[in-house]
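> Have a look at this prediction, sequence included:
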Amino acid sequence: METILITVSVLSTLAIVAIVLSVVVILHKLKGKVGVNVVNEVMRECDVNKDDLERETISRCEEINSRINKTEDEIYREIEERFREISNDIDNIDRKIDSRNDKLHDHIGKEVENLYHEINKQKKVLLKD
């Protein structure tokens, strides 16, 4: 954004300089007699200055647009890379949670089985008495 403002400022300054220069040239040429040839020559110089300024403006705009596009592409690549990293981290966390869940399930199953055997032993002891 700052680059665009700087470029617009520079281009505006160039335009003002071209206009002032054209006026100075016109006044310098018109000090003496005003002839049709002199006016036509001044008009041609103004047109040339205008064309030069337009080419410079177009060139600067294309350069700025190119830089903006490159920066935008870099930002999107960075976002995609970060997204992939986060997605991989989430997948790793999910795998760890699943692994821990499976271990916990197995442990709880063994504990329940041990409790079941203990209860069966207690029943046999109670039935014998």
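Cool, the structure landed.

> what sits against residue 119?
The contact partners of residue 119, taken as C-beta atoms under 8 Å, 6 or more residues apart in numbering, number zero. From N, CA and C alone the C-beta is placed, and that goes for glycine too.

> what about it, distance to residue 76?
As judged by C-beta to C-beta, to the nearest Å, residue 119 and residue 76 stand 63 Å apart.

> and if you look at residue 42?
As defined by C-beta to C-beta, residue 42 lies at a distance of 51 Å from residue 76.

> Over to residue 91?
Between residue 91 and residue 76 the distance is 22 Å, computed by C-beta to C-beta.

> taking the mean pLDDT, what do you get for the lengthiest helix in the chain?
If you go by DSSP state H, the chain has its longest helix at helix 36-128. Averaging the model's pLDDT scores along helix 36-128 yields 88.

> where's that helix relative to the chain centroid, distance-wise?
For helix 36-128, the gap between its own C-alpha mean and the chain's C-alpha mean amounts to 13 Å (C-alpha atoms, centre = their mean, to the nearest Å).

> can you check stretch 13-20 too?
34 Å.

> residues of it that come out buried?
Under the neighbour-count criterion of 16 or more other C-beta atoms under 10 Å, stretch 13-20 has 14, 15, 18 buried.

> need those residues in TSV with pLDDT, secondary structure and distance to residue 107, can you?
Supplementary listing: the buried residues of stretch 13-20 in TSV, determined by pLDDT from 0 to 100; DSSP: H, G, I helix; E, B strand; the rest coil; distance: C-beta to C-beta, whole Å:
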residue	pLDDT	secondary structure	distance to residue 107
14	76	helix	78
15	77	helix	80
18	77	helix	84
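
> Tell me the one of those nearest residue 82?
The shortest gap between residue 82 and any of the buried residues of stretch 13-20 belongs to residue 14, at 41.0 Å (C-beta to C-beta).

> Having no further points to raise, I will conclude here.
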